[in-house]
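**Student:** coordinates only, sequence not included:
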């Protein structure tokens with residue numbers, strides 16, 4: 001072997017990817033050329049047959065951009081060829097929209113292609129039921145006003161319905177992920193091409209789809225270890241979510257491209273000489289520059305563009321693991337490593353099986369350079385993740401496929417316990433997409449949990465019975481509160497009682513005692529096993545008490561029935577769901593507030609001008625008047641409010657159930673008002689009843705301080721070991737008030753905390 005060949009150890013050339021991939025229409029011939037060489041003639045015939053069926057089904061249909069719809073099917077299939085997916089997956093990709101958007105039924109696909117492909121297509125299909133115009137004409141989906149008329153929905157209701165359908169689609173995608181990962185790979189390819197062609201949509205839709213991509217699909221690709229798709233989805237989404245910052249970073253990269261490329265060439269050549277002298281084989285190239293990752297480092301570390309380290313970064317591909325560490329030694333010998341910038345993901349792989357050595361050094365010019373070192377297998381795994389399974393012909397890395405699938409299913413073992421689509425998607429973000437922490441039991445066993453987990457989560461992870469009887473925890477031998485966030489390497493011992501069950505407060509998300517769905521579902525299961533009548537009574541008591549505690553108007557039976565219908569339940573089912581923890585009290589209160597705000601005001605003066613924005617409210621019908629909040633009822637955002645035109649003091653804002661308003665007979669001076677958008681705080685009187693003890697007021701004050709809440713006034717009355725604290729606090733809205741009242745009631749010796757009603 002010649003000296004020059006040492007550092008050009010042969011693999012497929014890997015040019016640096018800087019720009020986003022351009023989208024060019026494909027043909028069947030081009031797709032066939034992209035298919036893996038391992039395909040048999042029968043495999044190629046299957047792909048061609050699927051293409052012909054899709055071509056006929058989508059004949060005349062166009063995308064919003066005006067291009068033939070078949071181009072999208074070809075693009076999705078071509079993305080999957082990069083992962084060397086088998087022929088049935090490529091065929092399913094070509095057919096993935098036929099059941100949804102054409103006249104082809106599932107049964108027809110079943111007869112034409114068999115159960116395997118038909119089920120793949122069926123699983124990928126978006127299960128929405130809004131009427132659509134055929135893509136055969138110039139029209140895209142029905143105009144919003146047409147769909148609204150067809151369903152009798154207002155535009156805002158329609159948008160909410162579409163959002164709910166979108167969330168339900170995501171839930172079904174995640175459910176499918178645990179059963180057949182190929183479904184999710186098709187879904188990711190579908191989303192990637194949609195993002196590449198997102199420019200054809202109006203701005204509001206682009207932003208919505210981009211945000212969903214950033215929140216759901218990019219983290220999903222990351223969790224599956226599919227770096228290629230992850231970085232492109234992030235950059236494409238960032239382009240529409242924050243276009244100004246995207247253009248700024250892109251232009252900064254572009255204006256210095258020649259200088260940076262010259263510097264990178266010098267760095268690569270220097271590394272080649274050093275490794276050649278030590279006899280190490282390596283492929284060296286500049287790492288791709290991803291705009292969103294640069295932005296994240298700028299914001300997370302508070303650094304300007306010039307100090308973000310991975311703007312200058314190289315990757316070394318070496319033959320084996322010993323060579324990784326040998327190359328690291330060479331680099332650290334010649335350049336000074338930057339403290340706290342070395343990570344060994346070979347010895348301790350990331351939870352999504354990613355392996356590599358990461359370091360950053362100060363180069364000859366005094367500026368940082370980031371370096372990644374890995375083997376070819378690690379590189380394949382990093383780029384293609386779980387899909388790397390199909391890129392190996394036999395043995396080797398393929399053996400890890402079952403391990404990955406089992407790991408994925410374990411992360412989602414709660415998935416059949418959650419029916420609510422929004423809760424399901426929120427749980428994916430916390431239990432699956434988050435990074436992991438590794439906690440030790442007292443016996444030295446390692447428990448893998450989502451970052452942010454608490455001792456209660458840990459207790460349920462160890463055993464359901466331990467979770468139910470958990471009453472405290474020691475972390476590294478010290479007693480810690482149950483809302484403590486566990487960190488990697490800590491040892492946790494759970495303190496239990498001999499009998500009993502979980503507290504309902506554990507399901508209160510604002511308290512942060514339980515952060516994982518695994519624990520939450522087990523707590524709910526415990527309450528479900530209790531007597532139905534007990535849950536019904538408990539749920540009724542919870543709702544009535546919360547309404548009273550927040551000082552909200554009481555709701556009659558008809559109002560409760562209407563409220564329950566919003567959750568697709570009857571009134572008694574609503575109470576049972578609240579009682580057993582299936583339905584969070586905060587969601588019910590928020591829905592109640594929304595329903596009340598949509599009802600008619602007591603008296604409405606027809607508007608004669610545009611709303612006038614003040615510090616707190618918008619006044620309709622009257623212009624340029626001062627506003628002030630009535631001290632008799634202290635209205636807070638979330639309350640129904642009304643304005644009263646005073647003599648010489650502008651408009652006085654009252655709660656609608658304020659006794660002074662109800663007793664007032666001068667109705668012509670009432671005006672309609674709504675809460676404005678400007679954020680501010682509002683004084684609210686609250687009363688706390690407790691058994692008196694030393695430090696009680698100090699604990700209340702500390703709690704309010706941690707919530708960032710100012711105390712305007714304090715009165716304390718103690719009688720026969722009972723203390724009554726009357727405070728006036730400044731809060732932003734009803735939600736914050738509810739949270740602090742709940743937290744106060746969880747303090748030792750506190751019996752009750754509630755808002756003081758007007759009167």
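**Tutor:** Yes, it's here. What you are looking at is a predicted structure, and each value in this text was computed from that prediction instead of being measured. Numbers count the residues shown, from 1 in each chain.
**Student:** surely residue 473 is within a strand?
**Tutor:** Yes - assessed with DSSP: H, G, I helix; E, B strand; the rest coil, residue 473 lies in a strand.
**Student:** ok, it - contacts?
**Tutor:** Counting by CB atoms under 8 Å, 6 or more residues apart in numbering, residue 473 touches 455, 458, 459, 479, 480, 482, 484, 492, 493, 494, 495. In this view, the C-beta of every residue, glycine as well, is placed from N, C-alpha and C.
**Student:** for the stretch 351-500 of the chain, which segments count as helices?
**Tutor:** Using DSSP state H, counting those that start in this stretch, the helices found in the stretch 351-500 of the chain span residues 376-384, 401-411, 421-427, 455-462, 464-468.
**Student:** can you list the buried residues in the last one?
**Tutor:** I take that to be helix 464-468. For helix 464-468, a neighbour-count test (16 or more other CB atoms under 10 Å) marks 464, 467, 468 as buried.
**Student:** and for stretch 218-237?
**Tutor:** 218-237.
**Student:** what's the burial count for residue 36?
**Tutor:** Here the number of neighbours of residue 36 (other CB atoms under 10 Å) works out to 17.
**Student:** measure it to residue 189 for me?
**Tutor:** Separation of residue 36 from residue 189 (CB to CB, to the nearest Å): 16 Å.
**Student:** likewise for residue 547?
**Tutor:** Separation of residue 547 from residue 189 (CB to CB): 49 Å.
**Student:** do I have it right that residue 238 meets residue 246?
**Tutor:** Yes - counting by CB atoms under 8 Å, residue 238 does reach residue 246; the two are 5.4 Å apart.
**Student:** neighbour count: those two, which is higher?
**Tutor:** In this view residue 238 and residue 246 are compared by other CB under 10 Å, and residue 238 has more residues nearby, 23 against 19.
**Student:** who's in contact with that one?
**Tutor:** Counted by CB under 8 Å, 6+ apart, residue 238 has contacts 210, 214, 245, 246, 291, 292, 295.
**Student:** tell me the confidence at it?
**Tutor:** For residue 238, the pLDDT comes out at 93.
**Student:** what's the separation between it and residue 486?
**Tutor:** 31 Å.
**Student:** just to revisit the earlier point, residue 547 and residue 189 - which one has more neighbours?
**Tutor:** Higher neighbour count among residue 547 and residue 189: residue 189, with 25 against 16, using other CB under 10 Å.
**Student:** you'd agree the more buried one is up against residue 72?
**Tutor:** No - here residue 189 lies out of contact with residue 72, judged by CB under 8 Å, at a distance of 10.5 Å.
**Student:** where among the helices of the stretch 351-500 of the chain is average confidence lowest?
**Tutor:** Taking the mean pLDDT of these, helix 421-427 comes last: a mean of 56.
**Student:** show me the strands in the stretch 551-700 of the chain, by range?
**Tutor:** Along the stretch 551-700 of the chain, counting by DSSP state E, counting those that start in this stretch, strands occupy 612-613, 617-619, 627-629, 641-645, 651-655, 670-671, 673-675, 682-691.
**Student:** got the angle between the fourth one and strand 651-655?
**Tutor:** Okay, so that is strand 641-645. 150 degrees (axes from the mean of the first three to the mean of the last three CA atoms, to 10 degrees).
**Student:** quick one: mean pLDDT over stretch 472-491.
**Tutor:** Stretch 472-491 comes out with an average pLDDT of 87.
**Student:** end-to-end on that stretch?
**Tutor:** 14 Å (CA to CA, to the nearest Å).
**Student:** tell me how far it lies from the chain's centre.
**Tutor:** Counting by CA atoms, centre = their mean, to the nearest Å, stretch 472-491 is centred 26 Å from the centre of its parent chain.
**Student:** equivalent analysis for stretch 231-238, please.
**Tutor:** On CA atoms, centre = their mean, the centre of stretch 231-238 falls 15 Å from the chain's centre.
**Student:** what do you get for stretch 465-473?
**Tutor:** Put simply, stretch 465-473 sits 29 Å off its chain's centre (CA atoms, centre = their mean).
**Student:** stretch 561-578 too?
**Tutor:** Here stretch 561-578 is found 27 Å from its chain centre; the criterion is CA atoms, centre = their mean.
**Student:** stretch 103-115 now?
**Tutor:** Relative to its parent chain, stretch 103-115 has a centroid offset of 35 Å by CA atoms, centre = their mean.
**Student:** if we go by neighbour counts, what in stretch 543-553 is buried?
**Tutor:** Of the residues in stretch 543-553, those buried (16+ other CB under 10 Å) are 543, 546, 547, 549, 550, 551, 552.
**Student:** also stretch 367-378?
**Tutor:** Using 16+ other CB under 10 Å as the test for burial, stretch 367-378 gives 368, 369, 370, 371, 372, 373, 374, 375, 377, 378.
**Student:** pLDDT weak spots in the stretch 101-250 of the chain?
**Tutor:** Across the stretch 101-250 of the chain, the ranges flagged by pLDDT under 70 are 101-102, 125-179.
**Student:** overlap in contacts, residue 238 and residue 246.
**Tutor:** Contact criterion CB under 8 Å, 6+ apart; residues shared by residue 238 and residue 246: 291, 295.
**Student:** quick one: the strands in the stretch 351-500 of the chain?
**Tutor:** 357-362, 368-374, 436-440, 446-450, 470-475, 478-480, 492-496.
**Student:** determine which stretch of these is the most buried.
**Tutor:** Mean neighbour count (mean count of other CB atoms under 10 Å) peaks for strand 368-374 among the strands of the stretch 351-500 of the chain, with a mean of 22.
**Student:** that one - contacts with which helices or strands?
**Tutor:** Contact analysis of strand 368-374 by 3 or more CB pairs under 8 Å, 6 or more residues apart in numbering; DSSP states H and E lists strand 313-317, helix 321-334, strand 357-362 as its packing neighbours.
**Student:** neighbouring strands for that strand, and are they parallel or not?
**Tutor:** Strands that pair with strand 368-374, judged by DSSP bridges, come out as strand 313-317 (parallel), strand 357-362 (antiparallel).
**Student:** including distance to residue 743, could these go into a markdown table?
**Tutor:** A markdown table is the format used below for these (distance: least, CB to CB, whole Å):
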| stretch | distance to residue 743 |
| --- | --- |
| strand 313-317 | 45 |
| strand 357-362 | 40 |
